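Participant: need a structure here:
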Amino acid sequence: MPGRRWIILAVLFATRAAIGFQFQSIGSAANLLMADLGIGYSEIGMLLGAYMLPGVIVAFPAGLLGSRGREKTLGIVGLVLMAVSGLALSYSGDLAFALAARTIGGIGGTIVGLVATKMVADWFDAREMVLAMSFLQMSWPFGAMIALPIQTYIAHSLGWHAVMVSGAVCSVAVLLAFAMIPRAAQLAEAEAAGRGRLPRAALVPVVISGAIWGAMNLACVLFFSYAPLLLVAQGSSPTVAASLTSLSIWFTILAIPTGGYLVHRADRPITAIIACSLIAACALMLFVENFHPTIACLIFGVAIGPMSGAILSMPARVLEPADRSMGFGLFYTCFYVLMAAGPTAAGSLQDAWGSPSAALVASAALLASMVPLVLLFLVVAKRCDFAQPNEEAKLRAAS
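Facilitator: Next up is the predicted model:
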């Protein structure tokens, strides 16, 4: 069936979108949760963080398990955990129970995200992988985006308990489709040749690519969190500040598949990462300096998009099929470590500077740091005889 891999990508898109849908459930019902459970905004923040924090501990063991068994079974387990989490949250009567239920969902979401990324790498070759990864990356924000109006309506109609159930229902729905996905043709041979550990030569490039992925996502989180505060400090109204930041997010969501297609056509993923990271960093600095902040904000949103698929395809370039599950586990561990520690460090920097511009300067620095990291990745991959032979030539030609 020639187009089967694209149908599978659609299923994986829906599977990963379910993670964003469930993540958004706390935000959609925040006011009702605070009134019913007697908690404040700090506790809501804890519930949000509890969904991401397990990734630091779970990602690599999940990758290890995936390398020793069927990753589809692991993905089903993750979706079941997400469904259990949603049902348990609907019965929460206090913060401790809600945190425990939310953590279970975070474990499931980490597993599902890892498995979906690995399966895309299995089904698509190097020529199509950037485009496929771009569509996969768009799934999480898409799930959160459609969750907001749906869950808000459910919350006001049926209460916050029903919102949590909606996350479970979404997980079960995609589970049924996910269970129908066949195995990639090369997996049987890969498992037969599978190693019990990740090759030492692949460790450094995978860690570098994970750091690049974490740096880009952390830069986005800091921008979306602190840009409205800086706009207000510069004289904008809260409504205008929120609207401009939201528009930038929309530009990013649209730029992910569009940029992925352009990178796919040009076949220059490394060049795209370097160019877009520098453009985004410069746009942030212009935004901090209050130089045409609206234009700078939109340029940032557009520049972020093309990088996503290109970065997600980097580990697949240095990993054999037998090593991808464990390799992506290490990749996502680096990502979750940065995502867990970064916001706290940025908040401390903001307190020291006394201005929200501090976090945005840090965001620009993170984006700029991606350039030497990408170049280091090329050098290390080449020395390990993993890099594609024409990539460095393309990079020199582009510069």
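Participant: what's the average pLDDT for stretch 126-144?
Facilitator: Taken as a whole, stretch 126-144 has an average pLDDT of 85.
Participant: buried residues in that stretch?
Facilitator: In terms of neighbour count (16 or more other C-beta atoms under 10 Å), stretch 126-144 has its buried residues at 128-144. Bear in mind the C-beta positions are built from the backbone N, C-alpha and C, glycine included.
Participant: ok, L175 to L9 distance?
Facilitator: Distance, L175 to L9, by C-beta to C-beta, to the nearest Å: 17 Å.
Participant: do P54 as well
Facilitator: Taking C-beta to C-beta, one finds P54 at 26 Å from L9.
Participant: for G106, same thing?
Facilitator: 25 Å.
Participant: what does F331 give?
Facilitator: 19 Å.
Participant: comparing those two, which residue is more hemmed in?
Facilitator: In terms of neighbours (other C-beta atoms under 10 Å), F331 is the more surrounded of F331 and L9; the figures are 32 against 23.
Participant: mean confidence for the host helix or strand of F328?
Facilitator: If you go by DSSP states H and E, F328 is part of helix 324-353. Helix 324-353 shows an average pLDDT of 83 in the prediction.
Participant: what about T239, how many neighbours?
Facilitator: Using other C-beta under 10 Å, T239 has 9 neighbouring residues.
Participant: what's the distance between it and P228?
Facilitator: For T239, the distance to P228 - C-beta to C-beta - is 10 Å.
Participant: what of M339?
Facilitator: Distance, M339 to P228, by C-beta to C-beta: 20 Å.
Participant: okay, now the unreliable bits of the stretch 251-399 of the chain?
Facilitator: For the stretch 251-399 of the chain, applying pLDDT under 70 flags the ranges 384-399.
Participant: mind listing the helices for it?
Facilitator: For the stretch 251-399 of the chain, the helices defined by DSSP state H, counting those that start in this stretch cover 269-288, 293-304, 307-312, 314-318, 324-353, 357-383, 391-398.
Participant: among those helices, which is nearest A17?
Facilitator: Minimum separation from A17 across the helices of the stretch 251-399 of the chain (C-beta to C-beta) falls at helix 307-312, 14.9 Å.
Participant: now do the closest one: which elements does it pack against?
Facilitator: If you count contacts as 3 or more C-beta pairs under 8 Å, 6 or more residues apart in numbering; DSSP states H and E, helix 307-312 packs onto helix 126-158, helix 200-233, helix 238-266, helix 269-288.
Participant: show me what the last one is packed against.
Facilitator: Pointing back at helix 269-288 there. Where contact means 3+ C-beta pairs under 8 Å, 6+ apart, helix 269-288 is packed against helix 200-233, helix 238-266, helix 293-304, helix 307-312, helix 357-383, helix 391-398.
Participant: ok, now the first one?
Facilitator: In terms of contacts (3+ C-beta pairs under 8 Å, 6+ apart), helix 126-158 is packed against helix 4-28, helix 95-123, helix 160-178, helix 238-266, helix 307-312, helix 314-318.
Participant: please compute how far the fourth one lies from its chain's middle.
Facilitator: Meaning helix 238-266. Offset of helix 238-266 from its chain centre (C-alpha atoms, centre = their mean, to the nearest Å): 15 Å.
Participant: that one versus helix 269-288: what angle between them?
Facilitator: Orientation check (axes from the mean of the first three to the mean of the last three C-alpha atoms, to 10 degrees): helix 238-266 against helix 269-288 gives 160 degrees.
Participant: offset the numbering so it begins at 52, please.
Facilitator: Noted, 52 is the first residue going forward, which turns the last one into helix 289-317.
Participant: ok and helix 289-317 relative to helix 251-284, angle-wise?
Facilitator: Angle between the axes of helix 289-317 and helix 251-284 is 150 degrees (criterion: the same axes, to 10 degrees).
Participant: list the buried residues of helix 289-317.
Facilitator: 292, 295-296, 299-300, 302-304, 306-308, 310-315.
Participant: now the most far-flung residue of the chain relative to its centre, what's its secondary structure?
Facilitator: In the chain, the residue that sits farthest from the middle, by C-alpha atoms, centre = their mean, is G286; the gap is 32.1 Å. Counting by DSSP: H, G, I helix; E, B strand; the rest coil, the backbone at G286 sits in coil.
Participant: ok, now which ones touch it?
Facilitator: By C-beta atoms under 8 Å, 6 or more residues apart in numbering, no residues touch G286.
Participant: again with the one 3 residues further on
Facilitator: Residues touching P289, when contacts are defined by C-beta under 8 Å, 6+ apart, comprise P279, V283.
Participant: the helices and strands packed on helix 177-209: which one's closest to G137?
Facilitator: Nearest of the helices and strands packed on helix 177-209 (C-beta to C-beta): helix 211-229, 3.0 Å.
Participant: any idea of the pLDDT on the residue lying closest to G160 once chain neighbours are set aside?
Facilitator: Closest residue to G160 apart from its sequence neighbours, by C-beta to C-beta, 6 or more residues apart in numbering: I70 at 4.3 Å. Residue-level confidence at I70 comes out at 93, pLDDT.
Participant: try P279
Facilitator: So P279 comes in at 83 (pLDDT).
Participant: doesn't V291 make contact with it?
Facilitator: No - using C-beta atoms under 8 Å, P279 is not in contact with V291, being 9.3 Å away.
Participant: can you pull the residues that touch both of the two?
Facilitator: Counting by C-beta under 8 Å, 6+ apart, nothing touches both P279 and V291.
Participant: which residues are in contact with stretch 300-309?
Facilitator: With contacts defined as C-beta under 8 Å, 6+ apart, stretch 300-309 is touched by 182, 185-186, 188-189, 192-193, 196, 271, 275, 349, 352-357, 359-360.
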